[in-house]
Each structure stands twice: as C-alpha cells, then as structure tokens.
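Enquirer: prediction below, plus the sequence it came from.
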Amino acid sequence: MKLRYLVTLFVCVLGCCILRGQTLEEAKKLYLEGRYAEALPIFQTEYLLNPTDASLNQWLGVCLYETGNESNAEKYLLYASQKKIPEAYLYLGELYTKMYRFDEAEKEFEKYQKIKRRDKEALARLEEKQAYANRLRRLIKRTEDVQIIDSLIVPKNKFLSAYHLSASSGSLVPMNEFFRNYPNRTLPLFINEKKDKIYFSQQDSLQGLDICTMEKLLDDFGNQKVLPAPVNDKKDQAYPFVMTDGVTFYFASTGHNSLGGYDLYVTRYNVSSDSYLNPNQLNMPFNSPFNDYMMAVDEEKNVGWFATDRFLSKDSVCVYTFIPNRQVNLIESNDEKYLINRARILSIKDSWKPGVDYSPLIALAKEEQALTRKEEKGDFEFIVDDRHTYYKLSDFKSPTARELYSKALRLQATLDRYQKELSAKRDQYAESNAAEKNNLAASILSLEKETEALFKEIQQLILQARLEEIRNISR
C-alpha cells in the first residue's frame with residue numbers, strides 16, 4: 001500500500017512538472033510571436049515558483065511593458081539587466097526613455113551596444129531607440145509654460161464626464177450615443193455651437209480611423225465628408241475639436257510622426273480653399289510617449305482640458321484642466337530636471353504662478369454649462385414681424401408657410417455649395433494660363449447665373465412664407 005502511494009505521488013509530481021514545462025514552453029512561443037498579453041499570466045505564475053530566474057524576469061518585464069504596464073515592468077527588467085540579460089538592457093533603456101530618465105537609459109543602451117557590437121540587426125534596433133531618446137530629450141527643452149490647475153483620474157470609457165464645456169464651445173458626446181451600435185464607445189463626437197455640423201472618426205477599410213464631418217439637413221445630418229490630407233494620414237486620427245472661430249482645429253493622431261500612441265495636433269481651416277494647413281504637434285506637457293488626446297478649449301470659461309494615459313492602468317485616464325495661452329510660451333530654464341518634471345506633470349502645482357489663487361477657476365471649470373449664453377433656441381432665426389421670431393419649423397402656425405420656408409432652407413444649402421464652388425473656380429481662374437481661363441470662363445459665368453437665380457428664388461420664398469404666416473397669426 002505504501003509503495004503504491006509513493007508511486008502515485010511520483011507520477012503526479014512528474015505529471016505536474018511535465019505540464020508546467022509545456023505551459024512555460026507555450027508562453028515562450030507566445031512571447032516570440034509578440035502575443036504578450038496571452039503569455040503574461042503564464043509568466044506571472046511561473047515567477048511565483050521561481051522569482052530568481054533571470055530569463056523569467058526578462059520575459060515577464062517585457063510582457064508587462066508591451067501591454068502598457070510600464071511602472072510594474074521596471075522591477076523585473078532591472079533584475080534581468082543586473083543578471084546580464086542583453087534584451088533586458090534594450091527594454092530597460094526604452095522604459096527609462098519613456099520615464100525621461102535619459103542618463104540611465106543611455107547606460108543601458110551602452111551595455112547593449114557593447115554586448116551586441118557584432119550584431120548588425122541588433123545595432124540597427126539600438127540606433128532607432130537611441131534616436132528616439134535623443135528626440136525626446138530635445139523636445140523636453142521646448143516644454144510649454146502652461147498652468148495646469150486640476151487633474152482627475154477617471155475610467156477610460158467615461159472620460160468625457162470630466163469635460164464641462166459651455167454651450168458656446170459646442171459639445172462632446174460618445175459616438176455610440178449619436179450613432180447607434182457604434183463599436184467604440186470611448187471615441188467622442190464633436191458638435192459645434194450652432195449644432196449644424198459634427199466631427200467624428202470612422203474606420204477606413206484600408207487604413208485606420210479617419211476624421212469625418214456631416215452637416216445638418218433639416219431634421220438629420222448628411223453630406224458626410226472625410227477630411228482631406230494633411231489632417232488624415234495612414235494611421236488613426238480621432239478626438240476632433242473645433243474652436244468657436246470655426247477655423248482652429250484640434251485632433252489626436254497616431255501618425256504625423258507622433259511620440260507614441262496618440263499625440264495632440266492643431267491645424268487651421270482655410271475657408272476660401274476648403275483645405276487645412278499642415279498640422280502642428282503640440283509641445284510638452286500636452287504630448288508624451290503615451291496616449292494624449294481630446295484637447296478641448298472653452299473660451300468662455302478660459303479653461304481647457306486634455307486626456308492622457310501616461311503611467312496609468314489601461315482602463316484609466318487622467319484629464320488635466322489648464323489655462324490656455326494666447327500664444328505659445330516656452331519655459332525658460334537650463335535645469336533639465338525641472339523641465340522634465342514640468343513635461344511629465346510630476347506636480348500640477350509646479351506650473352502655478354506664485355501668489356495666484358486658482359480655486360475660483362477650478363470651481364468654474366467643473367460647473368455644468370456655467371456662464372452660458374441664452375439657451376440655444378433652434379436651427380435658424382426667422383423674423384416674422386416685430387413680435388414673432390421663429391427658430392424651428394415646428395414654430396410655424398401655417399402649414400403652407402412652413403413648407404415655403406422649408407424649401408427655402410433646402411435651396412439655401414444648395415446655394416452655399418454653389419458659392420463655395422464658384423469661389424474655388426475663381427481662385428483656379430486666377431492661377432490658370434490663357435487656354436485654361438477660356439475653358440473656365442464659361443463655367444464661371446454659368447454658375448454665377450445659377451447662383452443669382454437661386455438667391456432670388458430663396459428671397460421670394462422667404463417673403464411668401466412671411467406673408468403667409470402673418471396672415472395666419474393675424475386671424
């Protein structure tokens with residue numbers, strides 16, 4: 001009996017060891033395939049059994065790093081680096097770079113370079129990491145002197161709850177509240193102040209996310225347009241916001257040579273050519289090696305917000321509230337440590353001006369619809385007479401007047417399109433040679449006649465609608 005028990009125990013232990021070995025081998029295979037999230041729990045279990053295994057520390061550290069858990073990755077990568085695991089040097093150097101610990105990163109890179117000095121492929125990888133570190137270190141010197149007055153860590157899927165825009169600045173809503181069954185509920189849609197235009201992201205079948213616009217057409221939105229280059233590029237563009245001037249346009253992109261993940265950019269819309277200027281990447285502290293997105297500025301409150309996931313769990317983001325600068329002001333300092341602290345936003349109070357009390361502005365930023373103008377009345381303004389002004393089609397008492405004015409609105413949308421087209425053709429005419437001008441002249445003349453006729457028709461419809469409504473309300 002005792003012998004049978006010992007044999008059974010030996011078989012069980014042997015089976016567990018074999019199973020454990022298979023599991024570890026499976027994790028290594030996943031690791032080599034870049035499936036770090038799948039390999040991570042296996043390595044975590046194995047680490048509990050053998051915490052002094054240098055290779056295991058390296059695998060676990062890399063998996064944590066690659067899955068966005070940089071703060072916890074350092075412990076394991078550092079142990080592996082001390083045990084002279086070459087791959088740990090490279091990853092630890094990359095991690096220190098993202099933490100703005102440039103001197104420590106350089107030391108790890110030097111170790112890697114020394115041990116891989118005859119490996120051309122490895123040295124090419126190293127050169128790429130060093131170039132990124134040098135770029136980041138240069139950008140630290142261009143950190144903007146912006147006063148960050150508040151911060152709030154919120155769940156990623158509810159981060160818009162930290163934005164309290166005045167009505168005059170437009171509104172941000174989750175995409176799936178505007179478009180039913182939209183797959184990504186964290187992506188926002190921007191609605192302008194007049195509520196006649198929206199900006200949102202849509203998946204491109206060949207590339208990533210593209211920013212699109214739609215215009216209000218009576219009771220619904222239509223005329224979807226994809227914003228042209230240079231706004232949209234081969235990677236993801238999302239988180240749009242347009243200032244009240246209708247020209248200044250903020251968005252986030254994983255392209256445009258971003259520092260890592262989403263970065264914040266600003267461009268400007270050229271009304272006459274219906275085009276956008278080349279986007280400018282915002283300075284630190286707005287951008288970082290992590291995801292930085294959803295810049296929104298409330299000119300009425302004189303505050304702005306942006307979100308970032310730097311050094312946070314994958315399900316959380318931090319939304320910072322700041323005071324917008326009228327022009328870019330860089331921090332003037334030769335103290336790299338101070339610049340790094342400001343760029344990382346190590347403490348928001350480091351950015352405060354001496355003796356300034358920000359508490360009233362902090363409170364104002366949190367107010368819902370604070371200091372808003374008179375509540376939005378509707379889709380248009382139609383003066384009937386001295387006592388009556390309409391803002392919606394439902395305000396009309398006369399069905400005939402309502403139909404007349406509705407037709408005028410539809411024609412006005414066509415007129416706006418004609419006028420844009422006419423402006424573009426005139427610009428084209430000015431830059432054309434003689435032969436091209438002859439071809440354009442007839443087209444411009446024809447479009448001018450159509451525009452003039454359409455304008456007269458609209459004015460006639462508005463007059464008829466006004467007279468018909470006055471007759472109705474005078475009865």
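Expert: Structure received.
Enquirer: let me see the ranges of the strands in the stretch 51-200 of the chain.
Expert: Residue ranges of the strands in the stretch 51-200 of the chain, as given by DSSP state E, counting those that start in this stretch, are 147-155, 171-174, 188-191, 197-203.
Enquirer: between those strands, which gets nearest to Glu128?
Expert: Closest to Glu128 of these, according to Cβ to Cβ: strand 197-203, at 29.0 Å. Heads up, the C-betas are built off the backbone N, CA and C, glycines and all.
Enquirer: state the distance from Asn232 to Gln203.
Expert: 12 Å (Cβ to Cβ, to the nearest Å).
Enquirer: how about Leu217?
Expert: To Gln203, Leu217 is 24 Å away according to Cβ to Cβ.
Enquirer: and what of Glu368?
Expert: Applying Cβ to Cβ to Glu368 and Gln203 gives a distance of 32 Å.
Enquirer: picking up where we left off before, now the common contact residues for Asn232 and Gln203.
Expert: Asp210 (Cβ atoms under 8 Å, 6 or more residues apart in numbering).
Enquirer: the two: which has the busier surroundings?
Expert: Asn232 (23 against 11; other Cβ atoms under 10 Å).
Enquirer: what about this protein, any weak spots by pLDDT?
Expert: For the chain, residues meeting the criterion pLDDT under 70 lie at 1-22, 180-186, 205, 369-378, 475.
Enquirer: buried sites along the longest helix that it contains?
Expert: What stands out as the longest helix in the chain, according to DSSP state H, is helix 434-473. Neighbour-count burial for helix 434-473, with 16 or more other Cβ atoms under 10 Å as criterion, is recorded at 440, 444, 447, 451, 454, 458, 461-462, 464-466, 468-469.
Enquirer: got it, and stretch 346-355?
Expert: Ile348, Ser351.
Enquirer: mind saving the C-alpha coords of that stretch as PDB?
Expert: Provided in PDB are the C-alpha atoms of stretch 346-355 (Å, rounded to 0.1, in the frame of the first residue of the first chain):
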ATOM      1  CA  LEU A 346       5.000  65.400 -11.900                       C
ATOM      2  CA  SER A 347       3.100  68.000  -9.800                       C
ATOM      3  CA  ILE A 348       0.500  70.400 -11.300                       C
ATOM      4  CA  LYS A 349       1.400  73.000  -8.600                       C
ATOM      5  CA  ASP A 350       4.900  73.300 -10.200                       C
ATOM      6  CA  SER A 351       3.100  75.100 -13.000                       C
ATOM      7  CA  TRP A 352       1.300  77.600 -10.900                       C
ATOM      8  CA  LYS A 353       2.200  81.300 -10.800                       C
ATOM      9  CA  PRO A 354       3.300  82.500  -7.300                       C
ATOM     10  CA  GLY A 355       0.600  84.100  -5.300                       C
END
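Enquirer: contact partners of that stretch?
Expert: If you take Cβ under 8 Å, 6+ apart as the criterion, stretch 346-355 is touched by 145-151, 320, 338, 340-342, 345, 358.
Enquirer: which parts of the stretch 201-350 of the chain are strands?
Expert: 209-217, 220-226, 237-242, 248-253, 263-270, 275-276, 280-281, 292-298, 303-308, 316-323.
Enquirer: tell me the angle the first one makes with strand 248-253.
Expert: Counting by axes from the mean of the first three to the mean of the last three Cα atoms, to 10 degrees, strand 209-217 lies at 140 degrees to strand 248-253.
Enquirer: swap in the fifth one?
Expert: When the same axes, to 10 degrees is applied, the directions of strand 263-270 and strand 248-253 differ by 140 degrees.
Enquirer: got the angle for strand 263-270 vs strand 303-308?
Expert: If you take the same axes, to 10 degrees, strand 263-270 sits at 130 degrees to strand 303-308.
Enquirer: next: the last one.
Expert: Interaxial angle, strand 316-323 versus strand 303-308 (the same axes, to 10 degrees): 150 degrees.
Enquirer: circling back to that earlier point, can I get the strands of the stretch 51-200 of the chain in a markdown table including distance to Val297?
Expert: Converted to a markdown table, these look like this (distance: least, Cβ to Cβ, whole Å):
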| stretch | distance to Val297 |
| --- | --- |
| strand 147-155 | 14 |
| strand 171-174 | 12 |
| strand 188-191 | 12 |
| strand 197-203 | 15 |
